[in-house]
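Asks: Sharing a model that was predicted from the sequence below.
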Amino acid sequence: EEMGSAVTLDLLKQQLAQQMQQKEQMEAEMTLLAERLNSHGLGGISGSLLDAQGYPRADVDVRETRVLRHQLAVMNTDHKHLMGEIEKKLWAVHAMAAEMRAAAAS
């Protein structure tokens, strides 16, 4: 049983490391999307795409801005989900490590 716990703990740690790497990649992509949205000719992350009269702004690529904003929104949702998974794994790793320490002490 001791050996099985160690294998499971190693597997959990491996999965956690992969998810952390995935998180880093996702955050880098989100930063690039935000930078693109804030570049010249796009409407930023949340600025209005309409002028004072309610027409699409002429100084902004409205379509491209909407596409990039959508991608960023989807990534934000995926990122939240991934962070929840990482948190569960962290709790599991710590609980399992504590169990193994308790078993080794007894």
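Replies: In hand now; what should we look at? Numbering: from 1, shown residues only.

Asks: quick check: longest helix of this structure.
Replies: The residue-count maximum for a helix in the chain (DSSP state H) belongs to helix 62-105.

Asks: For that one, which helices and strands make contact with it?
Replies: Helix 62-105 sits against helix 2-37, with contacts defined as 3 or more Cβ pairs under 8 Å, 6 or more residues apart in numbering; DSSP states H and E. The C-beta positions use only the backbone N, C-alpha and C, and glycine is treated the same way.

Asks: Quick one: work out the angle between the helix it packs on and helix 62-105.
Replies: Helix 2-37 runs at 160 degrees relative to helix 62-105, counting by axes from the mean of the first three to the mean of the last three Cα atoms, to 10 degrees.

Asks: buried sites along helix 2-37?
Replies: For helix 2-37, the neighbour count (16 or more other Cβ atoms under 10 Å) marks Leu9, Leu12, Leu16, Gln19, Met26, Met30, Leu33, Leu37 as buried.

Asks: Any chance you could spot the residue sitting in the middle of this structure?
Replies: Nearest to the geometric centre of the chain sits His79, at 2.3 Å (Cα atoms, centre = their mean).

Asks: Setting aside sequence neighbours, what's the nearest residue to it?
Replies: Once flanking residues are discounted, His79 sits nearest to Met26: 5.4 Å by Cβ to Cβ, 6 or more residues apart in numbering.

Asks: Please tell me I have it right and the one you found contacts Lys80.
Replies: No. The pair Met26 / Lys80 is not scored as a contact, 10.6 Å apart, by Cβ atoms under 8 Å.

Asks: Pull the contacting residues for the residue nearest to His79.
Replies: For Met26, the contact set (Cβ atoms under 8 Å, 6 or more residues apart in numbering) comprises Met75, Asp78, His79, Leu82.

Asks: Just send those back as CSV, with distance to Arg69 and pLDDT too.
Replies: Formatted as CSV, these follow (distance: Cβ to Cβ, whole Å; pLDDT from 0 to 100):
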residue, distance to Arg69, pLDDT
Met75, 11, 98
Asp78, 15, 98
His79, 15, 98
Leu82, 20, 98
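
Asks: quick one, what contacts the residue nearest to the centre of the chain?
Replies: When the contact criterion is Cβ under 8 Å, 6+ apart, the partners of His79 are Lys23, Met26, Glu27, Met30.
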